[in-house]
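S.K.: Whatever this is, show me its structure:
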Amino acid sequence: MDKQEYKLYEESIERFNKVEDLKCLSIKQDKNGEWIESFSWYWCDMCSRNLGGNRTVHLGLTKNDDIIEYSLCDDCLYYNEYGQLDDMTMEMTFIDTHGYGRGKKMITTNNIPRELLCFAELTPEQQLQVDSDSVVDGQEYFVYRGLTYCMDEFLRLDDDSIWDGGLQETNVSGIVIRYTKNDRNYPLGDWVIVGRSYM
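M.R.: Modelled structure (predicted):
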């Protein structure tokens, strides 16, 4: 999915919401509390795509308190819950081709700000990923794809990249970061956008 396709996808979601104008939309369950789902090539009622895949039955409550059944694809199931598609799809949709270091690299990012945390704000599981002997006051951390990164590990980038820092993980890939404000205008520097770079 490229940016144009994602734009059309979101427009179809907005069109569904405007036309149906539902009070709420929830997943239908059977008597055992299991979701009612099956494979189908039929159109998804929300995004109007006929891509083969899983369909989950949803119940929508109209303004007149009528209940209507809808068949939603997994993409719409995820979008309806989180307001975007899954992270991998988002990263491949918003590909950035800015280079850094030697040569040109492709960078994928979903442009979602991630909060910088001190060590005490990490969960116990996240703290276990950090070398306790290296923890000092003032260090900042963020979580990306289930892994905890320390800002001190990143080297400042001195080229013309839009990215502020980079961490080489393998010979052909690494992590890049840039400071930003999030949607609620938190102070600059308290949040970072993270990307993965490929040679």
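S.K.: Residues contacting stretch 26-36, please?
M.R.: The contact list for stretch 26-36 (Cβ atoms under 8 Å, 6 or more residues apart in numbering) reads T56, V57, H58, L59, E69, L77. In short, each C-beta sits where N, CA and C put it, glycine included.
S.K.: buried ones in the helix ranked longest in the chain?
M.R.: Among all segments of the chain classified by DSSP state H, the helix with the greatest residue count is helix 3-20. Residues of helix 3-20 classed as buried under the neighbour-count rule (16 or more other Cβ atoms under 10 Å) are Y6, Y9, S12, I13, F16.
S.K.: hey, where'd the helices end up in the protein?
M.R.: Secondary structure of the chain, counting by DSSP H: helices at 3-20, 74-82, 87-93, 124-128.
S.K.: Just the C-alphas of the first one, formatted as CSV.
M.R.: What follows is helix 3-20 as a C-alpha-only set of coordinates in CSV (Å, rounded to 0.1, in the frame of the first residue of the first chain):
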residue,chain,number,x,y,z
LYS,A,3,0.5,6.8,0.3
GLN,A,4,-2.2,7.3,-2.4
GLU,A,5,-3.8,4.0,-1.7
TYR,A,6,-3.8,4.7,2.0
LYS,A,7,-5.4,8.1,1.4
LEU,A,8,-8.2,6.3,-0.7
TYR,A,9,-8.5,3.7,2.1
GLU,A,10,-9.1,6.4,4.7
GLU,A,11,-11.5,8.2,2.5
SER,A,12,-13.6,5.0,2.2
ILE,A,13,-13.6,4.7,6.0
GLU,A,14,-14.8,8.3,6.3
ARG,A,15,-17.5,7.7,3.7
PHE,A,16,-18.7,4.6,5.6
ASN,A,17,-18.9,6.5,8.9
LYS,A,18,-20.7,9.4,7.3
VAL,A,19,-23.3,7.3,5.4
GLU,A,20,-24.0,4.8,8.2
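S.K.: Which residues outside it are in contact with it?
M.R.: Contact with helix 3-20 is made by 1, 45-49, 60, 62, 68, 75-76, 79, 85, 93-94, as judged by Cβ under 8 Å, 6+ apart.
S.K.: with the contacts of stretch 26-36 in mind, which one is nearest to T108?
M.R.: Comparing those against T108 with Cβ to Cβ picks out L77 as the nearest, at 23.3 Å.
S.K.: Check what pLDDT the residue lying closest to G195 once chain neighbours are set aside gets.
M.R.: Once its chain neighbours are removed from consideration, G195 has its nearest residue in T109; the separation is 3.6 Å (Cβ to Cβ, 6 or more residues apart in numbering). Here the pLDDT value assigned to T109 is 82.
S.K.: May I see the buried residues of stretch 34-51?
M.R.: Judged by neighbour count using 16+ other Cβ under 10 Å, the buried positions of stretch 34-51 are E37, C44, D45, M46, C47.
S.K.: export these to TSV and tack on distance to I162 and pLDDT?
M.R.: Formatted as TSV, the entries for these read as follows, by distance: Cβ to Cβ, whole Å; pLDDT from 0 to 100:
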residue	distance to I162	pLDDT
E37	41	90
C44	36	94
D45	39	95
M46	34	95
C47	32	94
